[in-house]
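>>> Sequence first, predicted coordinates after that:
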Amino acid sequence: MHVIIIGSGPAGISAALYARRGGADVTVITKGTGGLAAAEWVENYYGFAEPISGAELEQRGIAGAKRLGVRFETDEVLAILPADGGKGFCLETVRAAYDADAVILAAGVPRKTLSILGLREFEGRGVSYCAICDAFFYRGKRVAVIGAGDYALHEAEILRPHAAQLSLLTNGEEPSVVVPDGISVRTQKIVRIEGVRRVQRIVFDDDTDMDVDGIFMAIGTAGSMELARKLGVVLSDGKIVVGEHMETNVPGVYAAGDCTGGLLQIAKAVYEGAEAGLAAVRYLRKG
């Protein structure tokens, strides 16, 4: 029984502890310190008479999981795909690929967004957040991916066999990846997205523009929402929809922490992580 947990915050570590104590092999994939480490002091958490820094609390949690034999990999998950044969999952990352029997999404919610005029208005009408889901609809079309890192390149590579014209738009950043031939790069900042009923063009801050049929958002790294969307997990009002035991609509996939909405507190994240870890073990034992 191999459970992979994405995220090393309170929800992810709690899930790791309970899944490991339940007898599963557990791997946590993390990009590094999360939002908890940025908290100067935590004063309202059970068991601490004095305030504790977020960074120390995070490290204590990780140390406890390592003591139980939880493995940690510092990597960036780009996509989660059903495994060949339909049982289990394959996680594609920047450095490797991992097989899992169950997955727990605990990578929080995206904090980074773009204030581009027209972006929200054209969601579902040419603006997409999932290349795996929607690449087929852009065969022979002009497509742009907004982003500058590994996640953006991953989305572009998925779109590449389908699009007639493919561009990577970095919105003022320098690309942090080597962009292959066949994908053009524009580094100007984006001012707005225009169109009539559907996306038609992107306007830049130097008063130039480019015609496009579709735009794929891939800013920063893939969080729980983006990974869930690619798997067909149901989302609602910007959160992952889960049942009583933190299960999603996709068998073997669970979610915990900020990505499920509600109270954005450590206590809530720890509870949901524990429930998700236990539920994943029960699922695997049933076969």
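Alright, I've got the coordinates.
>>> Which parts of the stretch 51-200 of the chain are strands?
71-74, 77-82, 89-93, 97-100, 102-105, 127-128, 142-146, 165-169, 184-186, 190-196, 198-204 (DSSP state E, counting those that start in this stretch).
>>> Can you pull out the low-pLDDT segments for the stretch 101-250 of the chain?
Scanning the stretch 101-250 of the chain for pLDDT under 70 picks out 110-113.
>>> Geometric centre of the chain: which residue is closest?
Nearest to the geometric centre of the chain sits Gly223, at 2.0 Å (C-alpha atoms, centre = their mean).
>>> quick one: that one and Val109 touch, right?
Yes. Taking C-beta atoms under 8 Å as the definition, Gly223 is a contact partner of Val109 at 6.3 Å. In this view, the C-beta of every residue, glycine as well, is placed from N, C-alpha and C.
>>> Quick check: neighbours shared by those two?
Both Gly223 and Val109 are contacted by Cys259, under the criterion C-beta atoms under 8 Å, 6 or more residues apart in numbering.
>>> what's Asn171 sitting at in phi/psi?
For Asn171, the backbone dihedrals are phi 50, psi 50 (criterion: degrees, to the nearest 10).
>>> Surely it and Val145 touch.
No. At 11.0 Å, Asn171 does not count as touching Val145 under the criterion of C-beta under 8 Å.
>>> So for these two, which residue has more residues nearby?
Val145 (29 against 17; other C-beta atoms under 10 Å).
>>> That one touches Ala152, doesn't it?
Yes. In terms of C-beta under 8 Å, Val145 counts as a neighbour of Ala152; the distance is 5.3 Å.
>>> Which residues are in contact with each of the two?
By C-beta under 8 Å, 6+ apart, Val145 and Ala152 have these common neighbours: 168, 218.
>>> what is Ile52 paired to in the beta sheet?
For Ile52, the beta-bridge partners under DSSP bridges are Val42.
>>> Look up how far Leu117 lies from the nearest residue to Ile158 once chain neighbours are set aside.
Distances taken as C-beta to C-beta, 6 or more residues apart in numbering put Ala131 closest to Ile158, at 4.0 Å, once the chain neighbours are dropped. According to C-beta to C-beta, to the nearest Å, Ala131 stands 23 Å off from Leu117.
>>> So for those two, which residue has more residues nearby?
The neighbour count for Ala131 versus Leu117, taken as other C-beta under 10 Å, is higher for Ala131 (24 against 12).
>>> if I look at the more buried one, how far off is Ile4?
Here Ala131 is placed at a distance of 22 Å from Ile4 (C-beta to C-beta).
>>> now swap in Ala24 and tell me
Taking C-beta to C-beta, one finds Ala24 at 10 Å from Ile4.
>>> OK, contacts around His149?
Small correction: residue 149 is Gly, not His. Counted by C-beta under 8 Å, 6+ apart, Gly149 has contacts 175-177, 220-221.
>>> Can you say which of the residues you listed are buried?
With burial judged by 16 or more other C-beta atoms under 10 Å, the buried subset of the contacts of Gly149 is 177, 220-221.
>>> Kindly reformat these as JSON lines containing distance to Val42.
Converted to JSON lines, the buried ones among the contacts of Gly149 look like this (distance: C-beta to C-beta, whole Å):
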{"residue": "Val177", "distance to Val42": "36"}
{"residue": "Gly220", "distance to Val42": "25"}
{"residue": "Thr221", "distance to Val42": "25"}
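>>> Show me which of these is closest to Gly69.
Closest approach to Gly69 among the buried ones among the contacts of Gly149 (C-beta to C-beta): Thr221, at 27.0 Å.
>>> doesn't Trp41 make contact with Ala55?
No. Applying C-beta under 8 Å as the test, Ala55 and Trp41 come out as separate, 10.4 Å apart.
>>> Who has more neighbours out of these two?
Using other C-beta under 10 Å as the criterion, Ala55 and Trp41 rank with Ala55 on top: 15 against 11.
>>> show me what contacts the closest residue to that one other than its chain neighbours?
With sequence-adjacent residues excluded and distances taken as C-beta to C-beta, 6+ apart, Ala55 is closest to Ala37, at 4.4 Å. Taking C-beta under 8 Å, 6+ apart, we find Ala37 in contact with 54-55, 58.
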